[in-house]
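Asker: Prediction below, plus the sequence it came from.
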Amino acid sequence: MRAMVFYGPGDLRAEELPTPEPRTGELVLRIDAALTCGTDVKTLRRGHPVMIPKVPTVFGHEFAGTVTAVGPGVAGFREGDRVVAANSAPCGACRPCLSGRANLCEDLLFVNGAYGEFIALPPRLVAKNVVALGPVLPTARAAFAEPLACALLGIERARVESGQTVVVFGTGPLGCLLGMLAAARKARVILVGKSGWRLERARKLGIGECLDTTQSDDTAAAIRATIGGPGADVAIDATGRPEVWEQAIDATGRGGSVVFFGGCAPGSSIRLDTRRAHYEELTLLGAFHHTPDLIRRAVELMDSGGLTPDDLITHRMRLGEVREALDLMARGDALKVLIEP
Ligand SMILES: [Zn+2]
Ligand SMILES: [Zn+2]
């Protein structure tokens, strides 16, 4: 089979590999749709010790496909089933897993290999984090399950509800998904980003009100003026920049919640006004990754028509064009590229 194999920072090779055979507990899928992700761009640039502990490995982590072979001992899946698989599986036995926070599992097993014609899914992933698709859910849409589950975690952490004002910083695919989820909960959504085609696209998609940060020196003040009240009920950073984490805190009103969704570079720190954190009872929340429950809920949400992320796909390309696709992402010229092997 053809695959794009990651050997280390900057080193992605098109290779011919043996088509995998399923061992006990495994499923082999033909990948029908894979999506590029900002994480791929970061990983290609500097590696990723958590998601990619050893190389070489087939690259990419957002995918959906069709079961082509079922290993011994696998129940619940048959050849021909269309499925989506998460890119990780928790152990189910550690303290975070037992307390319902499987995203913080102490032994999270990461799985890569979206940019290949086939993939063998390991037994733990098959047992915990593979979801069969209903007949009407298109495979390309189902491939959004992983990023959408991450966004759901952020929205759940802040308990976003109807009538709240939710400010999302960042107009990349996750900023858009976070905004779409908040809007689906009938919150007022304000998307904050630099002027450019991404902000324009978010505006055209009608995700929420859009605020251009290049129009003002004081982003938090501009947000407060737009809201016309004391500040956001919920502010979510989806940029992973420390100065934007600070803006998110500054834009949040009394009793509000801030969700740190975008991961910053290692060693970053931010300023915090302790007076506001204390007397205004700000709730500061991290949000990382997803759980098997959220993967299922993301699939249900798309299957029921509650959320349709298709318009975030800005380009479609072939397997051999993954490098070009990631270059487009790196330049900020694409939201999601659909890779169809
Ligand atoms: Zn991703
Ligand atoms: Zn665990």
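Answerer: Okay, I see it. Ligands and ions are numbered 1, 2, ... in the order given.
Asker: could you pull out the helices for the stretch 51-200 of the chain?
Answerer: For the stretch 51-200 of the chain, applying DSSP state H, counting those that start in this stretch gives helices covering 95-98, 123-128, 139-142, 145-157, 173-184, 197-205.
Asker: again, but for the stretch 201-341 of the chain
Answerer: Applying DSSP H, counting those that start in this stretch to the stretch 201-341 of the chain gives helices spanning 219-227, 242-251, 274-279, 292-303, 322-330.
Asker: Can you dump the C-alpha atoms of the second one in PDB for me?
Answerer: Pointing back at helix 242-251 there. Once side chains and other backbone atoms are set aside, the C-alpha atoms of helix 242-251 remain, and they are given as PDB (Å, rounded to 0.1, in the frame of the first residue of the first chain):
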ATOM      1  CA  PRO A 242       0.200  33.200  25.700                       C
ATOM      2  CA  GLU A 243      -0.700  36.800  24.900                       C
ATOM      3  CA  VAL A 244      -4.100  35.600  23.700                       C
ATOM      4  CA  TRP A 245      -4.600  33.500  26.900                       C
ATOM      5  CA  GLU A 246      -4.200  36.900  28.700                       C
ATOM      6  CA  GLN A 247      -6.700  38.600  26.300                       C
ATOM      7  CA  ALA A 248      -9.200  35.800  27.000                       C
ATOM      8  CA  ILE A 249      -8.900  36.400  30.700                       C
ATOM      9  CA  ASP A 250      -9.200  40.200  30.200                       C
ATOM     10  CA  ALA A 251     -12.400  39.700  28.100                       C
END
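Asker: Could you give the residue of the chain that lies closest to ligand 1?
Answerer: Per CB to the ion, the residue of the chain with the smallest distance to ligand 1 is C37, at 3.1 Å. Using the backbone N, CA and C atoms, a C-beta is placed for each residue, glycine as well.
Asker: May I have the predicted confidence score for M51?
Answerer: Each residue has a pLDDT score; the one for M51 is 89.
Asker: out of the helices of the stretch 201-341 of the chain, nearest to G80?
Answerer: Among the helices of the stretch 201-341 of the chain, helix 292-303 comes nearest to G80, with 18.3 Å by CB to CB.
Asker: Name the residues that touch that closest one?
Answerer: If you take CB atoms under 8 Å, 6 or more residues apart in numbering as the criterion, helix 292-303 is touched by 84, 86, 89-90, 102-103, 128-129, 131, 133-134, 136-137, 141-142, 144-146, 148-150, 152-153, 156, 184, 290, 306-309.
Asker: if you look at that helix, does any of it touch ligand 1?
Answerer: No: figure legend: helix 292-303 not in contact with ligand 1 (CB under 5 Å from the ion); closest approach 12.4 Å.
Asker: Measure how buried G134 is and give me the count.
Answerer: Residues within reach of G134, counting by other CB atoms under 10 Å, total 13.
Asker: who's in contact with it?
Answerer: Applying CB under 8 Å, 6+ apart as the definition, the contact partners of G134 turn out to be D303.
Asker: Relative to ligand 2, how far out is A158?
Answerer: 24 Å (CB to the ion, to the nearest Å).
Asker: That residue against F260, yeah?
Answerer: No: between A158 and F260 there is no contact, the gap being 10.7 Å when judged by CB atoms under 8 Å.
Asker: about what we covered before: find me the pLDDT at the residue lying closest to the residue of the chain closest to ligand 1 once chain neighbours are set aside, would you?
Answerer: The spatial neighbour of C37 that comes closest, neighbours along the chain excluded (CB to CB, 6 or more residues apart in numbering), is E62 at 5.5 Å. Note on E62: pLDDT of 98.
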